[in-house]
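**Q** Below are the sequence and a predicted model; questions follow.
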Amino acid sequence: MESTRPVRRVRWALVAVIGGVLGYSWIASGLRPFTHPEAVAVAIPLVLAGIALLRMHAADGEITRRGTWVWGTLAAALVTWELVSYRLAPRVDHPTLSSIADSAMSTHPGRFLMFAAWLGVGFWLFRR
C-alpha cells in the first residue's frame with residue numbers, strides 16, 4: 001500500500017497541471033484578439049518554455065547542437081515575419097500568422113480548442 005502513494009501523487013499532480021493548462025487556455029482564449037492582455041497571455045507560455053529549454057540545454061551541454069541552432073533560426077525568422085507584417089498595413093495585404101489563425105478561431109470555444117492544442121503541441125515539441 002505504501003508503494004502506490006508516490007504514483008497517486010504523480011497522477012494527481014498530472015491532473016492538476018492538465019486542469020491548470022485547460023483553465024489557462026479557457027481564460028486566455030476569452031480575451032479580445034489583438035489586444036495587449038491577449039499578447040501577454042500568449043507570451044507567458046512562450047517565455048516559460050524558452051527559459052526551461054535554455055536551462056535544460058545548458059545543463060546538458062547541448063546548447064551548440066545543430067538542431068538547437070536550426071530551431072532557433074526558424075523561430076527568429078517567424079518572429080521577424082510577424083513583426084514586419086504587423087508594421088506593414090493593411091493586414092489584408094500583409095497578414096500576420098495571428099490574423100490568419102484568427103479567421104479559423106472566431107468563436108470562444110474554437111479559440112479555446114486551438115489555444116489548448118497550441119499548448120499541447122508546444123509541450124510535445126518541447127519534450128522531444
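**A** Nice, I can see it. Numbers count the residues shown, from 1 in each chain.

**Q** which parts of the worst-scoring helix or strand of the chain on mean pLDDT are buried?
**A** For the chain, using mean pLDDT, DSSP states H and E, the weakest element among its helices and strands is helix 97-104, scoring a mean of 70. Judged by neighbour count using 16 or more other C-beta atoms under 10 Å, the buried positions of helix 97-104 are 98, 102. The C-beta positions use only the backbone N, C-alpha and C, and glycine is treated the same way.

**Q** Now do it: everything it contacts.
**A** 33-34, 78, 81-82, 85, 91, 110, 114 (C-beta atoms under 8 Å, 6 or more residues apart in numbering).

**Q** By neighbours, which of those residues wins?
**A** Of all these, residue 85 has the most neighbours under the rule other C-beta atoms under 10 Å, reaching 18 neighbours.

**Q** ranges for the helices of this protein?
**A** In order along the chain, the chain carries the following helices (DSSP state H): 4-29, 36-60, 66-87, 97-104, 108-127.

**Q** which helices and strands sit right next to the third one?
**A** Spelled out, that is helix 66-87. Contact here means 3 or more C-beta pairs under 8 Å, 6 or more residues apart in numbering; DSSP states H and E; on that basis helix 66-87 packs against helix 97-104.
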